[in-house]
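*Asks:* Mind folding the following:
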Amino acid sequence: MYLKDEMVLYSTYGVCRIAEIAEKDMGGSLRRYYVLKPLRSGDATIFVPSDNESLTSKIRRVMSEDEARSLIDAMPDEGTIWMEDEQARRDRYREILSSGSRKELVRLIKTLYLHKQSQKGRGKKMKSPDEDILKSAEKMLHDEFAYVFNIKREEVLPLIVGRLEPLEDVRK
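*Replies:* Numbering: from 1, shown residues only. Take a look at the predicted model:
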């Protein structure tokens, strides 16, 4: 159960404020809804029926600063999840986006970033669907980090790199 004014994550919308928990008549029946206002989507409003488990399961609590730091610190040790079969890869990556698992998002970003670098080294570009998935995953994770650390979204990558560089030196 979530509370009014609580900050949560919702699916691919990112960080949202629960503007209200209200009874609404939508489609001829009265139901209780979480009314979400995404921080980065201006005037958007999302209505999530509180009795719909498949939709409410996409609402997650925002991580703490300690959890965010631990996630960043673990990034170098995360494996990759590349799949050669394009359709299977896209299906799996969309599942990860939908699940919102932060650890899986890190693995997904790392995988696609390394693939992008590899393609670049061969004078090629990454395929557009993979590029779109990478951007979506980065947006989700970076928006949450920006909120957690109270920084601008464009400051997230330098923060991550700055935190990882001393860890890499220690591991050498």
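*Asks:* most centrally placed residue in this structure?
*Replies:* In the chain, the residue lying closest to the centroid (CA atoms, centre = their mean) is M140, at 2.9 Å.
*Asks:* residue ranges of the strands in the chain, please?
*Replies:* Taking DSSP state E as the criterion, the chain carries its strands at 7-10, 14-25, 30-38, 46-49, 59-61.
*Asks:* So what touches the shortest one?
*Replies:* Spelled out, that is strand 59-61. Contacts to strand 59-61, defined as CB atoms under 8 Å, 6 or more residues apart in numbering, come from residues 2, 8-10, 34, 36, 48, 100. Every C-beta, even on glycine, is put in place using the N, C-alpha and C of the backbone.
*Asks:* Tally up the residues packed near D91, please.
*Replies:* Per other CB atoms under 10 Å, the neighbour tally for D91 reads 11.
*Asks:* How much space separates it from S136?
*Replies:* 14 Å (CB to CB, to the nearest Å).
*Asks:* Tabulate the strands of the chain in a markdown table, adding columns for mean pLDDT, distance to Q87 and mean neighbour count.
*Replies:* Shown next, in a markdown table, are the strands of the chain (pLDDT from 0 to 100; distance: least, CB to CB, whole Å; neighbours: other CB atoms under 10 Å):
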| stretch | mean pLDDT | distance to Q87 | mean neighbour count |
| --- | --- | --- | --- |
| strand 7-10 | 93 | 27 | 20 |
| strand 14-25 | 93 | 27 | 16 |
| strand 30-38 | 94 | 30 | 17 |
| strand 46-49 | 94 | 29 | 17 |
| strand 59-61 | 93 | 28 | 15 |
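*Asks:* residue contacts, the residue lying farthest from the centre of the chain?
*Replies:* Within the chain, G28 marks the point farthest from the mean C-alpha position, 33.7 Å out by CA atoms, centre = their mean. With contacts defined as CB under 8 Å, 6+ apart, G28 has no neighbours.
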